[in-house]
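Colleague: No letters, just coordinates:
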Ligand SMILES: CC(=O)SCCNC(=O)CCNC(=O)[C@H](O)C(C)(C)COP(=O)(O)OP(=O)(O)OC[C@H]1O[C@@H](n2cnc3c(N)ncnc32)[C@H](O)[C@@H]1OP(=O)(O)O
């Protein structure tokens with residue numbers, strides 16, 4: 001069960017709009033093919049109500065309504081009415097899984113809680129709602145009030161409940177304990193379906209998920225990019241990868257090939273950046289940086305593991321910097337179709353190492369420029385030059401740009417407006433390329449790096465990621481003015497497409 005749209009949205013600072021929620025829900029169910037999605041907590045807000053409505057309307061029309069779940073509270077019929085009015089049919093009832101939470105938050109005795117929960121379940125069943133029950137703070141409950149947990153599970157086992165959801169709400173479990181508790185529970189209630197819900201406070205969420213599956217649970221709660229309350233939930237991509245590789249007799253319905261695409265979309269909608277070292281979906285996780293690794297890959301794929309990038313629709317890359325050796329650079333040159341003599345390769349390698357020492361990033365698209373500079377050759381032929389530009393930015397007027405482009409001797413002048421100066425520049429450039437009948441690459445990422453310290457004259461590095469004819473590449477510009485560095489990166493792009 002994917003809970004990106006409920007627990008994932010509990011990432012501090014994240015809020016999805018209704019149409020973003022609908023798009024994510026559609027991708028999760030139709031392309032990634034998770035079994036179920038939890039899309040909201042009941043009662044939260046009018047906006048959330050409208051989002052749930054949008055999703056349930058689509059899910060009903062497309063046969064997915066039984067896979068769409070809403071978290072509800074023990075509040076008589078208030079949550080039930082909310083979810084029914086929003087068109088949902090499956091509820092995940094939040095109840096207390098530890099005596100501590102029951103006593104101090106709800107201030108109730110176990111018997112009273114069980115009766116109230118029983119009443120909500122009965123009402124839900126009467127109204128045709130499928131009922132799952134969360135035992136909030138269940139993991140601490142197992143540690144400190146085990147009798148309470150088992151008395152409660154005895155009660156639930158007799159109720160018309162489809163699944164019992166066991167959350168490690170505060171992310172306190174370690175893997176051995178996860179296995180021990182879940183193994184005991186699964187064996188004691190063989191006819192009950194149990195889901196495990198991990199949190200990542202000790203960075204153990206994926207390890208706990210693996211142990212939970214070994215212990216025999218039937219379902220897992222995961223989120224895209226590990227989003228979620230505090231340190232987040234178990235990331236769906238990591239969990240699927242480890243289950244596919246280490247629990248071969250366990251089948252999931254998730255399409256590995258779609259993981260990266262959905263992760264990137266959720267990153268864009270949420271504004272929650274995927275850490276570059278995030279397993280499976282992080283920018284750097286299929287990039288070899290050390291020269292020794294690149295050399296080993298060439299010899300017999302010596303530095304590959306089972307996590308092959310192609311499984312996830314990604315490609316292996318070789319980074320350029322001070323730890324690059326010849327093999328790293330050769331790999332990049334090969335991809336660009338450039339061949340160098342051994343001696344020239346040594347010179348280029350040396351320059352890249354120097355740049356790395358100066359903390360400058362080097363992208364594959366920089367290579368022709370470096371070669372040209374080091375070897376004083378014409379490895380890069382600047383067929384397109386931005387000869388002049390005027391950018392204007394004034395209060396209460398749309399930014400505009402006028403540019404003069406030399407395209408292999410042919411001169412174009414264009415003017416355009418945009419949402420910012422760079423956008424205006426790109427709009428003017430697009431006019432040139434429409435005249436030339438050439439398609440410009442799609443800008444897929446734009447990252448600006450300024451050294452910490454707050455100096456307004458600091459050098460600003462802009463790295464732009466482009467997608468062109470199925471190929472992704474990056475170009476980089478460096479200037480004390482951010483827009484100028486972006487234009488530099490753009491000019492490099494124009495000369496390599
Ligand atoms: C496992 C998880 O991550 S649980 C996540 C649950 N989802 C959310 O909390 C969604 C976001 N929450 C909200 O929007 C709000 O907290 C609401 C709409 C649910 C309630 O808002 P408010 O009425 O303003 O209450 P507030 O947030 O201050 O306090 C929560 C109340 O819920 C009660 N409560 C806690 N757990 C439960 C439960 N399982 N069932 C019913 N009531 C509960 C608390 O005791 C408290 O009631 P009290 O004020 O009478 O003591």
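Modeller: Nice, thanks for sending it over. All values derive from a computational prediction rather than experimental measurement.
Colleague: This protein - how does it break down into domains?
Modeller: Domain ranges of the chain: 8-270, 287-375, 384-496, per automatic domain parsing.
Colleague: Tell me which of those is the most buried.
Modeller: Among the domains of the chain, the stretch with the highest mean neighbour count (mean count of other CB atoms under 10 Å) is domain 8-270, at a mean of 19. To be clear about C-beta, it is placed using only N, CA and C from the backbone, and glycine gets the same treatment.
Colleague: how distant is that domain from the center of its chain?
Modeller: With CA atoms, centre = their mean, to the nearest Å as the basis, domain 8-270 stands 19 Å off its chain's centre.
Colleague: gap between the two ends of it?
Modeller: The straight-line separation of the ends of domain 8-270 (CA to CA, to the nearest Å) is 10 Å.
Colleague: do the same with stretch 70-81
Modeller: 12 Å.
Colleague: Following element in sequence after the strand or helix carrying residue 429, please.
Modeller: Assigned by DSSP states H and E, residue 429 falls within helix 421-435. Scanning forward in sequence from helix 421-435 by DSSP H and E, the next helix or strand is strand 442-449.
Colleague: same question for the helix holding residue 429, mean pLDDT?
Modeller: Averaged over helix 421-435, pLDDT sits at 96.
Colleague: How is the residue of the stretch 201-350 of the chain found nearest the ligand assigned, secondary-structure-wise?
Modeller: Residue of the stretch 201-350 of the chain nearest the ligand, by CB to the nearest ligand atom: residue 229 (5.5 Å). Here residue 229 is coil, with the state taken from DSSP: H, G, I helix; E, B strand; the rest coil.
Colleague: Verify the stated contact: it with residue 200.
Modeller: No: with contact defined as CB atoms under 8 Å, residue 229 does not reach residue 200; the gap is 9.8 Å.
Colleague: how close does residue 99 sit to the ligand?
Modeller: According to CB to the nearest ligand atom, to the nearest Å, residue 99 stands 14 Å off from the ligand.
Colleague: so what pLDDT did the closest residue to that residue other than its chain neighbours get?
Modeller: What sits nearest to residue 99 in space, not counting adjacent residues and going by CB to CB, 6 or more residues apart in numbering, is residue 145, at 3.5 Å. Here, the pLDDT recorded for residue 145 equals 98.
Colleague: wait, what's in contact with the residue of the stretch 201-350 of the chain closest to the ligand?
Modeller: By CB atoms under 8 Å, 6 or more residues apart in numbering, the contact set of residue 229 is 7, 10-11, 199.
Colleague: Would you mind trimming those to those in range of the ligand?
Modeller: Applying CB under 6 Å from any ligand atom, the subset of these adjacent to the ligand comprises residue 7.
Colleague: Quick one: end-to-end distance for stretch 74-87.
Modeller: End-to-end distance for stretch 74-87: 19 Å, by CA to CA.
Colleague: Could you give the average pLDDT over it?
Modeller: Mean predicted confidence for stretch 74-87 is 98.
Colleague: again, but for stretch 320-329
Modeller: Averaging pLDDT along stretch 320-329 yields 84.
Colleague: How about the secondary structure of residue 406?
Modeller: Using three-state DSSP, the structure places residue 406 in strand.
Colleague: and what of residue 59?
Modeller: Per three-state DSSP, the local secondary structure of residue 59 is helix.
Colleague: same question, the one 10 residues further on
Modeller: When states are read from three-state DSSP, the local structure at residue 69 comes out as strand.
Colleague: Also residue 463?
Modeller: With three-state DSSP as the basis, residue 463 sits in strand.
Colleague: quick one, what contacts it?
Modeller: 361, 363, 445-447, 449, 474-476, 489.
Colleague: before we move on, what about residue 436?
Modeller: residue 407.
Colleague: so how far is residue 489 from it?
Modeller: As judged by CB to CB, to the nearest Å, residue 436 and residue 489 stand 20 Å apart.
Colleague: can you check residue 177 too?
Modeller: 50 Å.
Colleague: Equivalent analysis for residue 147, please.
Modeller: 64 Å.
Colleague: what residues does the chain put near the ligand?
Modeller: So the chain meets the ligand at 7, 41, 43-44, 71, 73-75, 94-95, 105-106, 136, 167, 169, 229 (CB under 6 Å from any ligand atom).
Colleague: Cross those against strands and list the overlap.
Modeller: 41, 71, 73, 94-95, 136, 167 (DSSP state E).
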